[in-house]
Every structure is written in structure tokens, then in C-alpha cells.
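Engineer: My questions are about this predicted structure, shown below with the sequence.
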Amino acid sequence: MMYGLAVNVSKTNMFSSGIAEVEIQRIASRFGLARSSLPVRYLGTPLCTKNYLGQDGPTLLGIPLFALVSDVWNGSSWSFSAARSNRQLQLLSFLTTISPANGQDVPKWTVSGNTHKSFISRLVWEAIRPHLPVKAWAPLLWHKGLIPRHATTTWLFILDRNPTLDRLLSWGLDVDTICLLCGNADESRNHLFFECQYSVEVWLSICARLNFTSPPTSWNATMTWLPNASSDRSIKIALLQAWQATVYSLWQERNIRFHSGQTIPSSVLGRNIHRMVSDKCMAMVALGQTLGTPLLRIWKPQ
Ligand SMILES: [Zn+2]
């Protein structure tokens, strides 16, 4: 029945289900309607069936929240609540065209078009996280021999987010900005690594253990030098260990001086750094990590 409204045939598609093909063709040609199939597409994109009936979809269809397909399929037909809206009717009509196989219900996870038998959080995180280009400095931080707290401190310095005295001053704090390590210049990230007299002694001593006799001592030059300092993979990683451990230890020494006033000579700090990275490599060997042995040989030559 029509109540004064006319169907715009050119904008209307016909959805059919449970009717013989001959009959469908007869209706389509009688009314001049184009045929279409579910799911309904809008601008070429399928309208998600999950959202087809809204959030109350399962309730409207009488499906318990944790129901399996077998709970609503008896082997020959579906059992849903009677349709109470056109959308519901369309969905039920569409479902009558589907007959599930009589096998066991098996949950499947489809992530980025690939189907998996179990939930894998790594893949899901990869699929939903924002993807930004990898930073040029990323390989300087994340490597197989890293000590997490050293990498984290170094990362914050790469971003220049640690509260060095020049930054505290810029935030309006009333602080004396003289470097706590050397007492000769204002403290900033670039001064600490390694324009500072105290810092450079530590840096040179640890580099000398790796046979680098004249490493750069400015922040920017160090960042450019590190990736190309050696073509040997193990030495490269040992150097990154050395750099991160030095950044971490200098910042720690600076904080101890800031809070308690205690100091240790640069030579002692250099030895402490060497012990830390050696301990890390011994732990890698004990854990059976293949990189542990060549790294330990570099740090503790026979
Ligand atoms: Zn200094």
C-alpha cells in the first residue's frame, strides 16, 4: 500500500531473500528496480552489520551476550526473536540465505585481514596504534644490549625533556644555573654531554676502552658519529651501551650532587660505568643471548 508517497525508482535498490530466482526477476522487471545484496553499501563501503541494528542489536534479536552460533542455529534454521523493524526484517531475511556448516564453533580473530586462531595482543596493538615514521635516532636507543633505565634516561635527553638547570630557569624557577659537575659553565643538556670538563673525562675514558681515541664531544656531533663509528656490529652495540651508560651515570652523579652534595671523581665514575656494562654482558651470556659473548670479549678482553 502506498499513502501518497511515490518510490523514486532510480534511487531505490531491491533486496531479496528466500524467494525463487524466477520470482525475483519477475518483481525486478515489473517495478524496474535495480537488485542489490546485503550488506548495504554506502559510497562503496559496507555498512557494518554490527552497527546495523545499533547497540541493542543482540537484545532485539534475543541473542544472549556470550551466545555461540550453535545457540541460535539448530542445524536447519535460525532462532531469533520476531522482527519488529524493517532493519531487523532485512537482517533476518539476509540470514536465511546463510547456512552455517555443522562443525564445532571455533573462535577466529581477524587482524588486518589475516585470520588467527587465538588473540595476539602484539598484532592487535600493531593494527590499532598510530603509525608514525621511525625517528632517525631510534636505532641509537633501542638495541639488543640495552640497559632499560639507561635507554630511558638517554631517550629523555634526546627529546631534551630532563629538568636541566637551564630549563628550570626557563620555567621561571629561581635557580643557580652553574654546572654541578665542573662549576665552570651553565648547565644544559649540550654542556653535560660532553662539553663539561668533568663529563668529557668520563666519556673519553670509556671510549678509550673501545679504542676510540678522539670521539666527538658535542651533542650534535656525537649523534651523527655514533651510527657510523664502526662497521662491526658488536663494537657498535658496545659503543651505544657506553654512550647510554655514560649519559645515565653523569645525570645520576649530577642529581646526587644536586640533592646531597656528595661527589665522586670522574675516574671512579668511569670505572663504575665499565663495571655496569660488563655486568650486563655477563648477564646476557648467562641468559644464553648470543650477543653476550662478543660484547663481553670487547669489555673484558683476555
Ligand atoms: Zn660542567
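Structural biologist: Received, thanks.
Engineer: after the helix or strand bottoming out on mean pLDDT in the chain, next one along is what?
Structural biologist: Ranked by mean pLDDT, DSSP states H and E, the weakest helix or strand in the chain is strand 45-46, scoring a mean of 49. Using DSSP states H and E, the helix or strand that follows strand 45-46 in sequence is helix 57-61.
Engineer: so how far is that following helix from its chain's centroid?
Structural biologist: On the basis of CA atoms, centre = their mean, to the nearest Å, helix 57-61 sits 35 Å off its chain's mean C-alpha point.
Engineer: Stretch 127-145 too?
Structural biologist: Centroid separation for stretch 127-145 versus its chain: 9 Å, with CA atoms, centre = their mean.
Engineer: Would you indicate which residues of that stretch are buried?
Structural biologist: Leu140, Leu141, His143, Gly145 (16 or more other CB atoms under 10 Å). In short, each C-beta sits where N, CA and C put it, glycine included.
Engineer: Of these, which belong to helices?
Structural biologist: Counting by DSSP state H, the part of the buried residues of stretch 127-145 found in helices is Leu140, Leu141.
Engineer: Take the buried residues of stretch 127-145 and lay them out in CSV including pLDDT and distance to the ion.
Structural biologist: Listed next are these as CSV, based on pLDDT from 0 to 100; distance: CB to the ion, whole Å:
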residue, pLDDT, distance to the ion
Leu140, 95, 23
Leu141, 95, 24
His143, 95, 28
Gly145, 96, 28
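Engineer: Would you quantify the distance from Gly288 to the ion?
Structural biologist: To the ion, Gly288 is 42 Å away according to CB to the ion, to the nearest Å.
Engineer: Please read the previous query as pertaining to Lys300.
Structural biologist: 30 Å.
Engineer: Now do that residue: how many residues are near it, please.
Structural biologist: 13 (other CB atoms under 10 Å).
Engineer: State the pLDDT value of it.
Structural biologist: pLDDT for Lys300: 93.
Engineer: ok, it - contacts?
Structural biologist: If you count contacts by CB atoms under 8 Å, 6 or more residues apart in numbering, Lys300 has them with Ser278, Cys281.
Engineer: 6 Å instead?
Structural biologist: Ser278 (CB atoms under 6 Å, 6 or more residues apart in numbering).
Engineer: how about it, phi and psi?
Structural biologist: Per-residue torsions, Lys300: phi -130, psi 70 (degrees, to the nearest 10).
Engineer: Might one say that Ser81 is in contact with Thr59?
Structural biologist: No. Using CB atoms under 6 Å, Ser81 is not in contact with Thr59; the gap is 8.9 Å.
Engineer: between the two, what contacts are shared?
Structural biologist: When CB under 6 Å, 6+ apart defines a contact, no residue borders Ser81 and Thr59 alike.
Engineer: Could you give the number of residues near Leu168?
Structural biologist: Leu168, neighbours per other CB under 10 Å, totals 14.
Engineer: Relative to the ion, how far out is the residue lying closest to Ala34 once chain neighbours are set aside?
Structural biologist: Excluding its sequence neighbours, the residue lying closest to Ala34 (CB to CB, 6 or more residues apart in numbering) is Asn13, at 5.2 Å. To the ion, Asn13 is 75 Å away according to CB to the ion.
Engineer: next one: Asn102
Structural biologist: Using CB to the ion, we find Asn102 at a distance of 77 Å from the ion.
Engineer: ok, so what distance separates that residue from Ser70?
Structural biologist: Distance, Asn102 to Ser70, using CB to CB, to the nearest Å: 9 Å.
Engineer: higher neighbour count, these two?
Structural biologist: Neighbours were counted for Asn102 and for Ser70 using other CB under 10 Å; Ser70 has more, 13 against 9.
Engineer: Okay, and the residue of the stretch 201-302 of the chain found nearest the ion sits in which element?
Structural biologist: At 8.8 Å from the ion, Arg254 is the closest residue in the stretch 201-302 of the chain, using CB to the ion. Per DSSP H and E, Arg254 falls inside helix 233-259.
Engineer: Perfect, I'm done here.
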